[in-house]
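A.B. asks: Okay, sequence plus prediction incoming.
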Amino acid sequence: MAHYYEAHSHEVLAGDWGAVSAVAAGIHNVYNGIEDILLSIARDVDDYVPTGGSAHQDILDQMAAAINGRRPALLNLSLYDHLFELKAFRHLVRHKYGFDLKPEKVAANFDLINAIFPEFIDAVVSLEKAMLEEIHDPANESKPGSR
């Protein structure tokens with residue numbers, strides 16, 4: 001997506017419908033991938049996946065909170081806020097089908113997804129490390145119900 005944007009950023013900023021739609025769809029797809037990871041963690045670690053009309057917001061709220069005895073919070077406040085913004089953009093792209101997309105908003109969300117994606121990956125890696133440390137902590141082996 002970055003390579004495409006570099007080659008076509010002038011078209012996006014000029015409002016070319018094809019370029020704007022392509023970049024917006026790319027942002028949409030990356031956010032969906034992030035949300036899929038969050039849903040996998042909710043299913044596999046929390047044993048609870050939000051459903052219903054507010055599920056997209058609920059998964060962000062769930063991942064911003066620690067679950068005692070299961071996992072620390074995955075999302076810090078900054079990452080939560082940025083994903084909240086991207087969720088709103090994803091909703092716009094999905095429900096407007098590329099119409100009414102403002103080129104400067106697409107460019108801003110492209111910059112945002114590129115800025116936070118490495119932070120998101122780092123958060124997932126940190127969560128995995130924290131959970132593995134908890135599993136391998138000798139102090140946990142003597143506790144009832146330890147893994």
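C.D. replies: Arrived safely. Here the structure is a predicted model, which is why all the values come from computation and not from measurement.
A.B. asks: by contact count, what packs against the longest helix along the chain?
C.D. replies: If you go by DSSP state H, the chain has its longest helix at helix 103-136. Counting contacts by 3 or more CB pairs under 8 Å, 6 or more residues apart in numbering; DSSP states H and E, helix 103-136 packs against helix 2-14, helix 17-41, helix 77-96. C-beta here means a position set from N, CA and C on the backbone, and glycine is covered the same way.
A.B. asks: and it, which residues are buried?
C.D. replies: Of all the residues in helix 103-136, those buried under the rule 16 or more other CB atoms under 10 Å are 103, 106-107, 109-110, 112-113, 116-117, 120, 123, 127, 131, 134.
A.B. asks: any idea how far the residue lying closest to Ala2 once chain neighbours are set aside lies from Asp44?
C.D. replies: Distances taken as CB to CB, 6 or more residues apart in numbering place Asn114 nearest to Ala2, at 6.6 Å, with adjacent residues excluded. From Asn114 across to Asp44, the span is 28 Å (CB to CB, to the nearest Å).
A.B. asks: residue contacts, Ile116?
C.D. replies: Ile116 sits next to 79, 82-83, 86 when contact means CB atoms under 8 Å, 6 or more residues apart in numbering.
A.B. asks: for the record, mean pLDDT for stretch 72-84?
C.D. replies: In this model, stretch 72-84 has a mean pLDDT of 98.
A.B. asks: Could you do stretch 103-112 as well?
C.D. replies: 96.
A.B. asks: hang on, the earlier thing: pipe the helices and strands packed on helix 103-136 into TSV and attach distance to Ala55 and mean neighbour count per row.
C.D. replies: Formatted as TSV, the helices and strands packed on helix 103-136 follow (distance: least, CB to CB, whole Å; neighbours: other CB atoms under 10 Å):
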stretch	distance to Ala55	mean neighbour count
helix 2-14	29	13
helix 17-41	9	18
helix 77-96	11	16
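A.B. asks: And these: which comes nearest Asp58?
C.D. replies: Nearest to Asp58 among the helices and strands packed on helix 103-136 is helix 17-41 (10.2 Å), distances taken as CB to CB.
A.B. asks: got the angle for that closest one vs helix 103-136?
C.D. replies: Going by axes from the mean of the first three to the mean of the last three CA atoms, to 10 degrees, helix 17-41 is angled at 20 degrees with respect to helix 103-136.
A.B. asks: same for helix 17-41, what does it pack against?
C.D. replies: By 3+ CB pairs under 8 Å, 6+ apart, helix 17-41 packs against helix 2-14, helix 55-64, helix 77-96, helix 103-136.
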